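# Fold the stuff below for me.
(chains A and B)
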Amino acid sequence: MEKIDKKTADAYYREKNKYIIIFLSIWFVVSFGVVLFADWLQFEMPLLGFPFHYWMGAQGSILTFIVLLFISAKVSDRIDQKYGIDEGENEKISYGKTADH
Amino acid sequence: MGNEQFFVSLTFILLTFGLYIGIAIYNKAKQTSDFYVASRGVPPVFNGMAIGADWMSAASFIGMAGTVMLLGYDGLAYIMGWTGGYLLLTFLLAPQLRKYGRYTVPEFIGDRYGSHTARVIAAVCTIIISFTYSIGQLSGSGVVIGRLLEVDAAVGTLIGVVLIAFYAAFGGMKGITWTQVAQYLVLIIAYLVPVIFMSLQLTSNPVPWISYGEIVTRLGEIDADLGLSQYFAPFDEGSRWQFMALMFTLMAGTAGLPHVIVRFYTVSTMKAARWSGAWALLFIGLLYLSAPAYAAFSRFVLMTNVVGQPIDDLPAWTETWINTGLLQIADSNGDGTLQWSELMINADIVVMATPEIANLGVFVIGLMAAGAMAAALSTAGGLMISISSSFAHDIYYRVLRPHASDRNRLAVGRITIVAATVLAGVIALNPPGVITQIVAWAFGLAAGTFFPALLLGVWWKRANGPGVIAGMLTGLAVTLTYIFAAQAGFQIAGINDTGAGVFGAASAIIAIVVVSLLTKAPSQKIQEEVIDLRYPEQMTYKDGDVWINK
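Numbers count the residues shown, from 1 in each chain, chains lettered A, B, ... in the order given. Take a look at the predicted model:
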């Protein structure tokens, strides 16, 4: 065990949270935001033939959600790497910490 | 035709069931020698599929497309709500709950808040939520079996009860991950095949996600000609606030659903939990992106091939569905021609009936039946295990009889499963709503109880036992009251019973914050444990400092 500087630990937490806040803001805009203004977003989508508000509900928002989850997983991995976290070590530590169902 | 269809469907169902049982037996044999490693070896991609099968229930498979077809744009609240919740779950809860490392959600709440009372309330909430949810599953299997045997859906439900009770009590106790991977594959293939064929038939384009845009636009034109409001017109079937309340309820409910959270406990680390969430939504998205296409195609076929036809000369498929009691045709204006308003179509038959409506042949219909049963069974299995572990583990073992033997607890768990399935089946005989609506109530209850308790439990170290007890009870009471009141006609801002979770969650969060601040802060140890959840496994928070394990 090695003590980490308080500043470094706080920076880790802040950096992780910054991205969560960014991603959840996008999540909020493509779902609640688009629905709130659906009446004004009924223009036709080029090529696809959908009204925009309908396309966002049926496809656009879901695709955004999926992409956000993958980007976030990737970004989290990067941050962990930056702070010298080793996934192999994590696995050893959490091994056996929960039982299987 | 009827007999041939019956045998083909039955063969598909039996073959897929044989596959699930075979996988379960194969994995069990391996696990006795190396129990932990075998199940820890589930990579996030496959765990994502397993979460997908656990998650996609009869409501997603059988009910959702029908609901979208009947509600038009307003039905999309289900699509966005049920997918968007995964962001709340994966960003805010799953990795942290994984690090805390407990068996069940009630166990997390009991230990995090240091309260046996909170543990018991959480266990009771788990039972109520999972029970409500399973009514929807049994009602769904009733639709499939009813169609297959050409009997009333209620008789189909009874047969479903026997199947699910047997399956969950004997098959589902351990190592079900790989079985669920197979169930995911069966259900997604079964869902995609008809929608791709319909896309080819109607638009000569095999990619439904691209081709159905023009169908949506044409549906709008047909509706305008018939003097109906257009299919894609927003807030035609409910207010804007109802749409957003329902969407929030389904999102928050997703993040608080005990049987889904448990799946994140079976991965190895916080990192694996994040990747599992991403893969899960990708696999789930495949079905959710297709449901609105399914809805548009079926509505289009109904509008162009069935509506406007002479009542005496309707296609043969209508008769088999009229027999199940879920399709009604009445010539109310007596002109001998079927109008859209004279067609009473239950949302739950749309997906199952569409391959017949589009004449896709006996094999596709058989495949659909197998897929629908996979969806209902895999979710019902997960729900029943949640109910039995809440009762047998959290209430019976942790509170009532701490010295109970393993065998004794297992027996209590099995009896719980059978009793809960039978009871849910009795209610499902005469379902209090369509599948998506019943399931939305379960999500409302999860949004009003677990979502606030877990969210504040992970992110606010000051939240304490009395606070969470007050919060869960308030959320439960408010959500239940609103569901009943809205059904009786009382509504706030046009929000009806399916959007009740928004009031439940808001009141529960206020109750937790207020009561926690008025009472004593949690112990130093618990507060440190909460801060510790901010960091990966390798870092530990102790006595005001963060330590790294190298």
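# burial count for residue B:113?
Around residue B:113 sit 28 other residues, with neighbours defined as other Cβ atoms under 10 Å in any protein chain shown. From N, CA and C alone the C-beta is placed, and that goes for glycine too.
# before we move on, what about residue B:400?
11.
# Over to residue B:503?
Burial of residue B:503, expressed as a neighbour count using other Cβ under 10 Å, amounts to 23.
# In contact with it, which residues?
Taking Cβ atoms under 8 Å, 6 or more residues apart in numbering or on different chains as the definition of contact, the neighbours of residue B:503 are B:448, B:478-479, B:482, B:492, B:495.
# try residue B:387
Taking Cβ under 8 Å, 6+ apart as the test, what residue B:387 contacts is B:126-127, B:130-131, B:134, B:416-417, B:420.
# try residue B:20
Applying Cβ under 8 Å, 6+ apart, one finds that residue B:20 lies in contact with B:171, B:179, B:182-183, B:374, B:377.
# related to what we said a few turns ago, which of the contacts of residue B:503 tops the neighbour count?
Among the contacts of residue B:503, residue B:448 has the most neighbours (other Cβ under 10 Å), with 37 neighbours.
# What sits closest to that one if chain neighbours are left out?
Take residue B:448 and drop its neighbours on the chain: the residue closest to it by Cβ to Cβ, 6 or more residues apart in numbering or on different chains is residue B:504, 2.2 Å away.
# Same question for residue B:253.
Ranked by Cβ to Cβ, 6+ apart and with sequence neighbours excluded, the top spatial neighbour of residue B:253 is residue B:443, at 2.9 Å.
# Quickly find the element holding the one you found.
In the assignment (DSSP states H and E), residue B:443 maps to helix B:435-459.
# Tell me which residues of that helix come out buried.
By neighbour count on 16 or more other Cβ atoms under 10 Å in any protein chain shown, the buried set for helix B:435-459 is B:435-458.
# again, but for stretch B:224-231
Along stretch B:224-231, the positions that meet the burial threshold by neighbour count (16+ other Cβ under 10 Å) are B:228, B:230-231.
# With stretch A:44-61 instead?
Going through stretch A:44-61 with 16+ other Cβ under 10 Å, the ones that come out buried are A:45, A:48-61.
# Give me the contacts around the helix or strand of chain A with the lowest mean pLDDT.
Using mean pLDDT, DSSP states H and E, the weakest-scoring helix or strand in chain A turns out to be helix A:87-94, at a mean of 78. Contacts made with helix A:87-94 from outside it, assessed by Cβ under 8 Å, 6+ apart, are listed as A:80, B:98-99, B:101, B:268-271, B:536-538, B:549-550.
# How about stretch A:17-34?
The contact list for stretch A:17-34, computed with Cβ under 8 Å, 6+ apart, reads A:41, A:53, A:56-57, A:60-61, A:64-65, A:68, A:71-72, A:75-76, A:79, B:80, B:84, B:87-88, B:91-92, B:244, B:247-248, B:251.
# low-scoring pLDDT stretches of the chain, where are they?
The chain I'm using is chain A. Within chain A, the ranges that satisfy pLDDT under 70 run A:95-101.
# could you do chain B instead?
Applying pLDDT under 70 to chain B flags residues B:1-2, B:27-42, B:170-176.
# Next to chain A in this structure, residues from the stretch 351-500 of chain B, please.
B:385, B:389 (Cβ under 8 Å from any Cβ of the partner chain).
# cutoff 7 Å now
residue B:385 (Cβ under 7 Å from any Cβ of the partner chain).
# Residue 5: what's it in contact with?
This is for chain A. By Cβ atoms under 7 Å, 6 or more residues apart in numbering or on different chains, residue A:5 lies in contact with nothing.
# could you do chain B instead?
Under the criterion of Cβ under 7 Å, 6+ apart, the contact list for residue B:5 reads B:362, B:365.
# can you give me the helices in chain A?
Using DSSP state H, the helices of chain A run over residues A:6-28, A:34-36, A:52-55, A:61-82, A:87-94.
# I'd like these laid out as TSV, including distance to residue B:410.
Output for those, formatted as TSV (distance: least, Cβ to Cβ, whole Å):
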stretch	distance to residue B:410
helix A:6-28	40
helix A:34-36	47
helix A:52-55	50
helix A:61-82	37
helix A:87-94	27
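# Buried deepest among those, which one?
Across the helices of chain A, averaging neighbours per residue (mean count of other Cβ atoms under 10 Å in any protein chain shown) puts helix A:52-55 on top, at a mean of 22.
# That one close to chain B?
Yes: applying Cβ under 7 Å from any Cβ, one finds helix A:52-55 touching chain B at A:53-54.
# and that helix, how far from the chain's centre?
Distance of helix A:52-55 from the chain centroid (Cα atoms, centre = their mean, to the nearest Å) equals 23 Å.
# ok, back up a step: narrow the contacts of helix A:87-94 to those in helices?
The helices in this structure, assigned by DSSP H, contain A:80, B:98-99, B:270-271 from the contacts of helix A:87-94.
# any idea which of those residues has the most stuff around it?
Using other Cβ under 10 Å as the neighbour criterion, residue B:98 leads the ones in helices among the contacts of helix A:87-94 with 27 neighbours.
# tell me the contacts of the closest residue in space to it that isn't next to it in sequence?
Take residue B:98 and drop its neighbours on the chain: the residue closest to it by Cβ to Cβ, 6+ apart is residue B:273, 4.5 Å away. Listed by Cβ under 7 Å, 6+ apart, the contact set of residue B:273 reads B:94-95, B:98, B:264, B:267.
# Can you redo those residues as TSV, where the extra columns are distance to residue B:207?
Listed next are the contacts of residue B:273 as TSV, based on distance: Cβ to Cβ, whole Å:
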residue	distance to residue B:207
B:94	33
B:95	35
B:98	37
B:264	33
B:267	33
